[in-house]
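>>> Quick one: sequence plus predicted model below, questions after.
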Amino acid sequence: MIRKNLIPAWPLILAMVLFFTGPLVLLFGISLRGPDGSWGFGNFATFLSDGFSRKVLFDTLWLGLRVTALVSLVCLPLVMLYWHAGRRMRGLILIGTLLPMLTSNVVRTFAWVVLLGRNGPIGQSLAGLGLVERPISMLYTEPGLIIALVQIEMPFLLLPVFAVINRADRATLDAAETIGAGPWRAWFTTILPQILPAVLAGWVLVFAGATTSYVTQSVIGGARLIFLPQYVYRQVGVLFQWPMAATISILLLASTGLVMLALALLSRNERLQAHG
Amino acid sequence: MAEKRTLEPGFGAWSYRIFVWGGGLLMLAYLVLPICVALLMSFNSGATLAFPPKGLSLRWYAALLDPVKSAPLHLAALNSLKVALATVVVVTLITAPAALALARGPRRLTSTVEPVLLAPLVLPALVYSLSALLALSLLGLGTSFWTILIGHSMVFAPLMFRTVLGLAQRQSVSLEEASATLGASRLRTFVRVSLPGILPGVFAGAFLVFMQSLDNVDVTLFLGNPGQTMLPMRLFAMLEESLDGRVAAVSGLLILAAALLLITLQRFGGRDAR
């Protein structure tokens, strides 16, 4: 027998504790330090009592919720197509999902700068349809940012769902159709419940991605749309307000964490568990 | 797999088909077309990045290679390549042995440690890098090549941990036991039996780590040496200043790299699926 040797695992675990967990504990610590040197939740109170800060927090969560909802809507037909598709089509959809995820941030952002810009196809076709007088730029606007974020976050919902839909029980769908359910009802009552746990996992990733994507938010959203990541960066890079930056980061973590927790509790729900 | 389902004709069936095929293909286009647009723009021959391109040429790829005009870009690329390569080495050295050991260790321990080691994948990189910068400033240290290296290694280690752990857990322990029973030394067993089993995972992980490190903004922004521009920062600066065609050319190269990665992963994935 080979003796179980765990020594090779120690360097990674130690490095994680020292270089990953350590700084995060420090961050939490400094967020509790007030401007006058006292300790407590003063920074949190200051942040939440400021109207502008509250608006930024609210805008960020609202952006995340809208992107998550839209991603779900947009992914639904694609997931159903994947379910009905043959082997070759499934491969094609899978490549189409992985390619945008594996290409660089720079590429995705660049593509959307071109697509949303004044001379881009979206602005031109809106003008061509007579909806607007001349080609408009959707860069630096909230709808433009959401359109880009939805495309960027789609793979994070699709991949977990594709991973479980292969194992979904086809017999239940056949049974539903045999006893007279239409195609809509059959799919939504038999297949959808089986993939719901994966959908919840995907939502967590999409929400976290949309609320914390500093690059997309600042390059596509522009300087006028401010969300928590830019707000944090400004506190450190411009104002050198470490405790406040730490406080905002903790709030960002806490708010995304709360959404994740809510989703995790939801997935423990018995009705979902019965199929999962 | 591709069995045709006979649907009763009726409004429900038709609307369902239109939704699934029409909607599904439309959304697939939404997902993929931006990448195609970026690729198309890289071959555009015009001076501006207007869509659609007026003509096709390789002029922006040539401009990318121009040693004088693109010197800052080359320097940034070199800096990023150095960090990415060093990150791959560090991550491989600490992660692959850990994943292998944990896969063979007590199941309880592995399931406790695994989520902790995967945490950097879920935690916003921005928050982590801010906290790392805070720790550095409390210690009175500045940012340098080494701080980016540690930051990237911590944030991207889970990528390789996952690919290696997956393969190591599927590999049968009895092979290693057989090797030991037949009198092979521990080192020999590792090199001849364990290592070949996890190698595809190491390669896939290394490629992922390399690409992510090359592309990363969040960690690099905070932990980077202000005197040394990294590739993504340089590209974003070019993107914001003027729509430079060279950004398109770099995008073209990065898309090619992603496609290559995809083909490699599918090869490996396809092999152990069978």
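Received, thanks.

>>> which stretches of the stretch 1-150 of chain A form helices?
A:10-15, A:22-31, A:42-49, A:51-84, A:87-102, A:105-116, A:121-128, A:142-165 (DSSP state H, counting those that start in this stretch).

>>> For chain B, which of those helices is the nearest?
helix A:51-84 (2.8 Å; CB to the nearest CB). No exception for glycine: its C-beta is placed from N, CA and C like everyone else's.

>>> Okay, buried residues for the closest one please.
Buried residues in helix A:51-84, counted by 16 or more other CB atoms under 10 Å in any protein chain shown: A:53, A:56-57, A:59-61, A:63-64, A:67-68, A:70-72, A:74-84.

>>> Which of the helices of the stretch 1-150 of chain A comes out lowest on mean pLDDT?
Least confident of the helices of the stretch 1-150 of chain A, judged by mean pLDDT, is helix A:121-128 with a mean of 81.

>>> what's the angle from it to helix A:105-116?
Angle of helix A:121-128 versus helix A:105-116, following axes from the mean of the first three to the mean of the last three CA atoms, to 10 degrees, is 10 degrees.

>>> Now do helix A:121-128 against helix A:142-165, angle only.
Using the same axes, to 10 degrees: helix A:121-128 against helix A:142-165 is 120 degrees.

>>> Against which helices or strands is helix A:121-128 packed?
If contacts are counted by 3 or more CB pairs under 8 Å, 6 or more residues apart in numbering or on different chains; DSSP states H and E, helix A:121-128 sits against helix A:105-116.

>>> Tell me which residues are up against the helix it packs on.
The contact list for helix A:105-116 (CB atoms under 8 Å, 6 or more residues apart in numbering or on different chains) reads A:100, A:120-123, A:137-139, A:144, A:147-148, A:151-152, A:215-216, A:219-220, B:34-35, B:37-38, B:41, B:49, B:51, B:215, B:217, B:232, B:235-236, B:239, B:243, B:247-248, B:250-251, B:254-255.

>>> Quick one: work out the angle between that helix and helix A:87-102.
Using the same axes, to 10 degrees: helix A:105-116 against helix A:87-102 is 100 degrees.

>>> the strands in chain B, which residues?
Counting by DSSP state E, no segments of chain B form strands.

>>> where does the stretch 151-276 of chain A have low pLDDT?
A:264, A:267-276 (pLDDT under 70).

>>> Please identify the residues of it in proximity to chain B?
A:151, A:154-155, A:177, A:182-184, A:187, A:204-205, A:208, A:211-212, A:214-215, A:219, A:229, A:232-233, A:236, A:242, A:245-246, A:249, A:252-253, A:256, A:260 (CB under 8 Å from any CB of the partner chain).

>>> What's the local residue count around the closest residue to residue A:194 other than its chain neighbours?
Distances taken as CB to CB, 6 or more residues apart in numbering or on different chains place residue A:168 nearest to residue A:194, at 4.4 Å, with adjacent residues excluded. By the measure other CB atoms under 10 Å in any protein chain shown, the count of residues near residue A:168 is 18.

>>> Spatially central residue for the chain, please.
In the absence of a named chain, this looks at chain A. Closest to where the C-alpha atoms of chain A average out (CA atoms, centre = their mean) is residue A:206, at 2.0 Å.

>>> You answered for a different chain; I wanted chain B.
residue B:208 (3.2 Å).

>>> Skipping adjacent residues, who's closest to that one in space?
Nearest residue to residue B:208 in three dimensions, chain neighbours excluded: residue B:159, at 4.6 Å (CB to CB, 6+ apart).

>>> Surely residue A:168 forms part of a strand?
No: counting by DSSP: H, G, I helix; E, B strand; the rest coil, residue A:168 is not part of a strand but coil.

>>> so what's the backbone phi/psi at it?
Dihedral pair for residue A:168: phi -60, psi 140, per degrees, to the nearest 10.

>>> Looks like it contacts residue A:192 (just checking).
No: the pair residue A:168 / residue A:192 is not scored as a contact, 9.4 Å apart, by CB atoms under 8 Å.

>>> Against residue A:176, how distant is residue A:169?
In this view, residue A:169 and residue A:176 are 11 Å apart by CB to CB, to the nearest Å.

>>> right, I mislabeled it, should have said residue A:133
51 Å.

>>> next one: residue B:116
Taking CB to CB, one finds residue B:116 at 42 Å from residue A:176.

>>> rewinding a little: pLDDT score for the residue nearest to residue B:208?
For residue B:159, the predicted pLDDT is 90.

>>> Could you pull up the contacting residues of it?
Contacts of residue B:159 (CB under 8 Å, 6+ apart): B:91, B:121, B:205, B:208-209, B:212.

>>> Then residue A:64?
Per CB under 8 Å, 6+ apart, neighbours of residue A:64: A:207-208, A:210-211, A:256, A:259.

>>> Generate a markdown table for these, with neighbour count and secondary structure as supplementary columns.
Formatted as a markdown table, the contacts of residue A:64 follow (neighbours: other CB atoms under 10 Å in any protein chain shown; DSSP: H, G, I helix; E, B strand; the rest coil):
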| residue | neighbour count | secondary structure |
| --- | --- | --- |
| A:207 | 24 | helix |
| A:208 | 24 | helix |
| A:210 | 28 | helix |
| A:211 | 25 | helix |
| A:256 | 25 | helix |
| A:259 | 19 | helix |
